[in-house]
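Kindly generate the corresponding structure for this input.
(3 chains)
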Amino acid sequence: MLLTVKALTKSYSGAEGPVPVLRGIDLTVAAGDTLALTGESGSGKSTLLHLIAGLDAADGGSITLAGQDVTQLDDGGRAALRRESVGIIFQQFNLIPSLDIAANIAFQARLADSYSPTSARELADALGLGDHLQKYPDQLSGGQQQRVAIARALAARPKLILADEPTGNLDEETAGEVMTQMLALVAQTGAALVMVTHSPRLANQMSRQLHLRQGLLA
Amino acid sequence: MNVKFAAFVALIALCAPVGLSAQGFSGLGSDAEGFSTPAPAPQFDFPADHGAHPDYRIEWWYLTANMTGPDGTAYGLQWTLFRSALAPHTGKGWDSPQIWLGHAAVTTPDAHYTSERLARGAIGQAGVSAAPFEAWIDDWHLRGASFDALKLRASGSQFAYDVTLDAQGPLVFHGEGGYSVKSQQGQASYYYSQPFFALAGTITLPEGDIPVTGTAWLDREWSSQPLAADQTGWDWFSLSFDAGEKLMGFRLRQADGTYYTSGTWITPDGATTALPDGSFDATPLATSDVGGRSIPTRWHVRVPDHAVDVIIEAVNTQTWMDMSVPYWEGPVRVSGNRSGIGYLEMTGYDQP
Amino acid sequence: MTAAGLSALWSHWRRNPLQLFTLIAGLALATALWSGVQAVNAEARASYDAAAATLGEGQYDQLLPETGNQIPQETFIALRRAGWLVSPVVEGKLVSVQLLGIDPLTAPNGLGPVGDGGGMSLPDFLENPAVFANEDTAAKLRGIIDAPLVIEPAIAPNTAITDIYQAQRLLNATGTLSRLIVARNQPVAQKPLGVVAPDLVRRAAQGGSDVARLTDSFHLNLTAFGLLSFAVGVFIVHGAIGLAFEQRRAMVRTLRALGMPLRRLVVLMAAELLLLALAGGGIGVCLGYIVAASLLPDVAATLKGLYGAQVSGTLQLRPSWWLSGLAISVLGTAIAATGALVSVARMPLLASAQPRAWANARGAMRRIQMLASLLLLVLAGVLALFGDGLIMGFGLLACLLIGAALALPLFLDAVLSVAQSWAKGVTAQWFWADTRQQLSGLSLALMALLLAMAANVGVSTMVSSFRLTFTGFLDQRLASELYIETDSPRQAAALERFVEPLTSEILPLLSIDTKLADMPAELYGARIGATYRDNWDLLAATPDVWDRIAAGEAVLANEQLARRADLWIGDTLQIAPDVALPIAGVFGDYGNPIGQAIVAEPLFTALHPQVRATRFGLRTDDPAALRTALMDDFGLSAQSITDQAQIKAFSLGVFERTFTVTAALNVLTLSVAGFAIFMSLLTLAGMRVPQLAPAWALGLTRRRLGQLELIRAVILAILTATLALPLGLALAWVLLAVVNVEAFGWRLPMYVFPRDYAVLGLFALVAAVLAAAWPARRLARVPPAELLKVFANER
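Numbering: from 1, shown residues only, chains lettered A, B, ... in the order given. Modelled structure (predicted):
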């Protein structure tokens, strides 16, 4: 199993004591799975995603990703796991504004020492970015920027792709196009995809759907 | 100028007969351009020849003494005045190429005190007059109405001495009547000695004044090019045997590992026999560490022609003369088939 | 991974070259001023040391003639033969060069020019005695002397060294010596000095060279200036680094999210800063060299005039200052960047990645700043009241300056909020509110301006006060119209008889070195007459001071003596073993390092009958006629007569040069501060578009917005100047009344120069306007599309 989450709990400190966000999540994802996480705002979808990515530390439970328990790793270990096994696609794109598009796409792959110019070029072409490689992020539209973020995540050949409302900042038409392209490319690479989304329409395009309600899987 | 002083001192080394490093020797072996050179069969003119010879490049009045204190402790004493000429003439006042260098030392079995003085030509700070005889630099002097009865004094920051010297025998001439050859190429000097001084007086050490008696040996030598270019240092012995005979012998070390030796056998009444190259033999038996240098302080000396087969041992192995020209000079004890006392001087060992 | 990380970090600078330029330029300017000042100091110190080593001054005891300036050569020989290890020195002037003859055979080791320049060997010295000198000095001697000249850069300026024989010949001094140097280690047996050479006096070695101590005051001022400039520079660097880190917050989060470990990231950022610091420092050292090379001739002239110290006019690259320049650049960067790096290290990975206004003055931060400022200012007050010592003086300076700098944003905010509450129109209200909001971004640059202006006010007040005091002091001290030097007491007596009918007053100069209150001092004998009574302003005096002095009932003490011995009017001063007199007056004696007391001539002569005056001041209404009479009828040479006007003009000329140096440094510091403002405004301008867009959308023209930007800069500069003036005056007070007294023993009266301050304020305004002009113009011309984007892009 690529990803196994067991009895995962997490709470944040609020004005009146700790506020539980995740109250015991169990979840497995196999290679090639595409999983949609849905739920209302504050249901804990993004938190779950961040914990899996090692961006935040869990309070209890375990997350086993590619044979490693994420909750037991230190900052360096989690960073290594992220750059080598995980691709993250943020709602805000989070491109590096001072690097051009080519460098942005190559970036995570170069961090992980797995950069291949050919596959990066193929990805860029597949996402329709071929003409924009010398441009900078602020010269692109939102849809184009998100395509760059997708290319960046895929170029590092991760086993697991985590996407946090990747089309949340895009208009509906663009969102549809980006989604289609992303799913096609993920299918090509054989990676698993876990995506947080509000949209039932997008969730329906995935192989599995899980709904979070008040920190528990429904 | 501190660095340049070293250069200056190296130049002084050219005139010093002792403590010559390889470079120093190449200086001593350098051309005697413009200077007079010694010739065989010299005719000495005394007392004038006890004085300075400014037309020769180098000259010295060199006195060593073996002494004992009231408790029988052995002491050694050295007093040397060197003259070195940058040019073969005298001048007036400061404008003189004649440079004077004084070394004084007192040796006890476990201490060695030294001092050095420098002075220039004709201003009166240093010089030698023949009659009455006086050799002086600053407050140091060796002087007397005649060359046979002298008073000697010197002082340093930790020691002083004030002694009288009375000759008990005649002057002794080395080599061929005072013409002393120093190499196979024929380099030579004029060289005579007064080895028969009886000494009495006082030495002043940090612990106080000590009355002493003993014997002293005065060497006079002058030349312009006394050494060959390939000679790297020397080992010089002046020995007084208990039976009354005396021996002067030296070994000049040559760059190819061979030696040139010479010496004089002196009978108690002052009759001399010159020892030709090879008939004086000195071999180091043991060395001592002297400030990081390995210095031979125990020797085997043999002169088969005169039945000499003795061991020479330094009274104090640490008698390094840390002067502008460094060398080893100190009193020795003689044992073996003859016993006695003496002085040993070794040059060319100054590379630690 | 490192390469990828570096490329991302570096790409920021590539995309924001202006920020990179600010950072490097700030570092370079700060380092330039610091290393320039250090270079000048190092060069001057090296010159003093070389001079001290050459002349053997300070290091060794010396034997000097009790009277006159010659020692017979026989005395030297007699001393040597009596067991004294002394070495002869003959010295004299050839043209304007100090020619020094030494005997290398007896000179103590280490005497002579320091350094390892090589070239001086015994044959050079003795066989064909060459004269050794540095390039400039040799040029003066070329063609004048008939001895070979050898260039030796390590020899002190304006000094030439040769063998004693050559020196005696060139100086026409055969057979005589000037002084004897006493070696440290002497033999055990010596005849007493008094028996061998009764005419010589022994002067004990001194710890350091006199010149170095005298000139310390000058270097202290330069160093203080260098440090202030550097502080200004560090503010700039702090601003630039803070901005760069703030703008890269989002990038740092992204890098970490993509798998860059935090530790690696911090190390890379630190390495990046080190590289920038070295680059900026390197450029700064080069600029510093230029600053120093252009200042050095003036500094050299000042030091020569003020203290007679010879300083080489050419600059050498010495590791002491260029290394310290690089070090301080790295140190400054480290100080400026530590906070930013710590905040990167502590920044949570998931917090909002929105860029927030950098260095936003949050409530807690502001309270801490206010507290620190208060604490420092209180500490400054405590130090001023109860502190003691030079270090305390500098501590006081530091507390005062930093405390004031920290208080500046609070002060400005308070003033602006009052203005805001008074504002009527909506534009005015928006303007004041917007200005307040801008404060946080500009505060570092404004602090730099505050410090620069305060330093200017402080230092120029000090120098001007010094000049004013000194000019008055010169008038008092140089009352006589002519100064005469005679060769011997006999000629002096003849001269007195000769000039008696021609002058209104003859003032002999009688003095002897002695000890007063257990400190080295000079005792002077004065002929009390109209000159003293009319011209001398005393710092403190009893009513009948001159009558009592004239009657031999009292003494005058200089301020140094009085302060150091803790004596004042009415206290008793022992001036001879059995003579103690009350102090009737204290006089200012600026520039003199040691104590001095003055008694009436008859008393002096009774105490020291052996001292006879050979120099005189003459009072006359017609100096020219008296001069002619002295030369034509009495036969004095022209060199023996000095005109008062000449001395005064020379002394004042020296001050003008000091001003040149001070003025140059003033302009440089102010430029650095102006640059800081310019850079802050320029970087802020980019971030201001979102803030200005709503104002534009609501009807303010871009042109008007640009004007308001300019007005804002002027208002902030004026407010800063308002605070800088009292701060600068406080700084001047500390320098004059605290640091000077602690360092040199005299206190300078402080004068205020309102016109100078007004001019300075104007300069600061001009600097602010110049700095604001371009950013304002850019704002006025920002394309409407750019402003519209603010709304379009809003998420």
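
Specify the local secondary structure of C:Ala173.
What DSSP: H, G, I helix; E, B strand; the rest coil gives for C:Ala173 is coil.

For A:Arg83, see how far away it is.
Separation of C:Ala173 from A:Arg83 (C-beta to C-beta, to the nearest Å) stands at 85 Å. Bear in mind the C-beta positions are built from the backbone N, C-alpha and C, glycine included.

higher neighbour count, the two?
More crowded of C:Ala173 and A:Arg83, by other C-beta atoms under 10 Å in any protein chain shown: A:Arg83, with 27 against 19.

hey, where'd the helices end up in chain B?
B:2-15, B:22-28 (DSSP state H).

Check chain A too.
Under DSSP H, chain A gives helices at A:45-53, A:75-85, A:101-111, A:117-126, A:142-155, A:172-189, A:200-203.

Minimum distance to chain A, which residue of chain B gives it?
Relative to chain A, the nearest point of chain B is B:Gly292 (53.6 Å; C-beta to the nearest C-beta).

mind checking how far that residue is from B:Tyr349?
11 Å.

neighbour count winner among those two?
B:Tyr349 (22 against 7).

Find the residue ranges of the stretch 251-352 of chain B scoring beneath the pLDDT cut-off.
B:351-352 (pLDDT under 70).

tell me which parts of it are close to chain A?
For the stretch 251-352 of chain B, the contact set with chain A under C-beta under 8 Å from any C-beta of the partner chain is empty.

so where do the strands sit in the stretch 251-352 of chain B?
B:259-266, B:272-275, B:281-290, B:293-303, B:308-314, B:320-321, B:327-336, B:340-346 (DSSP state E, counting those that start in this stretch).

So for chain C, which of those strands sits nearest?
That would be strand B:320-321 among the strands of the stretch 251-352 of chain B, by C-beta to the nearest C-beta, at 16.9 Å.

Work out which residue lies at the spatial centre of chain A.
A:Leu162 (2.0 Å; C-alpha atoms, centre = their mean).

In space, what's closest to the residue of chain A found nearest chain C - neighbours in sequence excluded?
Here chain A gets closest to chain C at one residue, A:Arg83, 2.3 Å apart by C-beta to the nearest C-beta. Using C-beta to C-beta, 6 or more residues apart in numbering or on different chains and skipping the chain neighbours, the partner closest in space to A:Arg83 is C:Gly259 (2.3 Å).

A:Ala112 is in contact with the one you found, correct?
Yes - between C:Gly259 and A:Ala112 there is a contact under C-beta atoms under 8 Å: 6.6 Å.

Need the overlap of contacts for those two.
Contact criterion C-beta atoms under 8 Å, 6 or more residues apart in numbering or on different chains; residues shared by C:Gly259 and A:Ala112: A:83-84.

If you count surrounding residues, which of these two has more?
C:Gly259 (27 against 21).

Just list the residues touching the more buried one, thanks.
C:Gly259 makes contact with A:79-84, A:86, A:108, A:111-112, according to C-beta under 8 Å, 6+ apart.

Can you tell me which of the residues you listed has the most neighbours?
A:Gln108 (31 neighbours).

who's in contact with it?
A:83, A:87, A:152-153, A:155-156, C:258-259.

Please repeat the previous calculation with a cut-off of 7 Å.
Neighbour list for A:Gln108: A:83, A:152-153, A:155-156, C:258-259 [criterion: C-beta atoms under 7 Å, 6 or more residues apart in numbering or on different chains].

again, but for B:Gln318
Contacts of B:Gln318 by C-beta under 7 Å, 6+ apart are B:112, B:290.

now do the one 5 residues further on
With contacts taken as C-beta under 7 Å, 6+ apart, B:Met323 has the following neighbours: B:103, B:114, B:116.

Can you lay out the contacts of C:Gly259 as JSON lines showing pLDDT and distance to B:Pro70?
Listed next are the contacts of C:Gly259 as JSON lines, based on pLDDT from 0 to 100; distance: C-beta to C-beta, whole Å:
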{"residue": "A:Ala79", "pLDDT": "88", "distance to B:Pro70": "89"}
{"residue": "A:Ala80", "pLDDT": "88", "distance to B:Pro70": "89"}
{"residue": "A:Leu81", "pLDDT": "89", "distance to B:Pro70": "93"}
{"residue": "A:Arg82", "pLDDT": "88", "distance to B:Pro70": "95"}
{"residue": "A:Arg83", "pLDDT": "87", "distance to B:Pro70": "93"}
{"residue": "A:Glu84", "pLDDT": "88", "distance to B:Pro70": "94"}
{"residue": "A:Val86", "pLDDT": "91", "distance to B:Pro70": "99"}
{"residue": "A:Gln108", "pLDDT": "88", "distance to B:Pro70": "97"}
{"residue": "A:Leu111", "pLDDT": "86", "distance to B:Pro70": "92"}
{"residue": "A:Ala112", "pLDDT": "84", "distance to B:Pro70": "94"}
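
thinking again about what came up before, let's verify the residue nearest to A:Arg83: helix, strand, or coil?
Assigned with three-state DSSP, C:Gly259 falls in the coil class.

could you measure it against A:Ser114, distance?
C:Gly259 is 11 Å from A:Ser114, by C-beta to C-beta.

shouldn't C:Leu85 be in contact with C:Gln186?
Yes - contact between C:Leu85 and C:Gln186 holds when scored by C-beta atoms under 7 Å: they sit 5.6 Å apart.

Least confident secondary structure element in chain C?
helix C:122 (a mean of 56; mean pLDDT, DSSP states H and E).

How many residues are close by residue 147?
You didn't pick a chain, so chain A it is. A:Arg147 - counted by other C-beta under 10 Å - has 28 other residues nearby.

that's the wrong chain, I wanted chain B
20.

For it, list the residues it contacts.
If you count contacts by C-beta under 7 Å, 6+ apart, then B:Phe147 has B:47, B:50, B:133 around it.

OK, contacts around the last one?
It refers to B:Phe133. B:47, B:50, B:143-144, B:146-147.

and the gap between it and B:Arg220?
11 Å.

Same question for the second one.
Remark: distance between B:His50 and B:Arg220 (C-beta to C-beta) = 7 Å.

My reading is that C:Glu500 lies in a helix. Confirm?
Yes - with three-state DSSP as the criterion, C:Glu500 is part of a helix.

quick revisit: between the contacts of B:Met323, which is closest to chain C?
Of these, the one sitting nearest to chain C (C-beta to the nearest C-beta) turns out to be B:Glu116, at 10.7 Å.

List the beta-bridge partners for that closest one.
Note on B:Glu116: beta-bridge partners by DSSP bridges are B:His103.

Kindly state the pLDDT recorded for it?
Per-residue pLDDT puts B:Glu116 at 92.

try C:Gly308
Reported pLDDT for C:Gly308: 54.

What residues does chain A have near chain C?
A:50, A:55-56, A:75-76, A:79-80, A:82-83, A:88, A:92, A:94, A:96, A:98-99, A:103, A:107-108, A:110-113, A:169 (C-beta under 7 Å from any C-beta of the partner chain).

Number of residues surrounding B:Ala85?
B:Ala85 - counted by other C-beta under 10 Å - has 25 other residues nearby.

Now do the same contact list for it.
So B:Ala85 contacts B:54, B:57, B:97-98 (C-beta under 7 Å, 6+ apart).

Tell me how far it lies from B:Asp110.
39 Å.

give the contact list for the residue in chain A that chain B sits nearest to.
Closest to chain B within chain A is A:Gly76: 53.6 Å, counting by C-beta to the nearest C-beta. Counting by C-beta under 7 Å, 6+ apart, A:Gly76 touches C:261, C:263.

Kindly provide the distance from C:Glu522 to C:Leu510.
Look at C:Glu522 and C:Leu510: by C-beta to C-beta, they are 10 Å apart.

Please name the nearest non-neighbouring residue to the residue positioned nearest the centre of chain B.
Centroid-nearest residue in chain B, with C-alpha atoms, centre = their mean: B:Tyr62, separated by 4.5 Å. Nearest residue to B:Tyr62, sequence neighbours excluded (C-beta to C-beta, 6+ apart): B:Asp219, at 4.2 Å.
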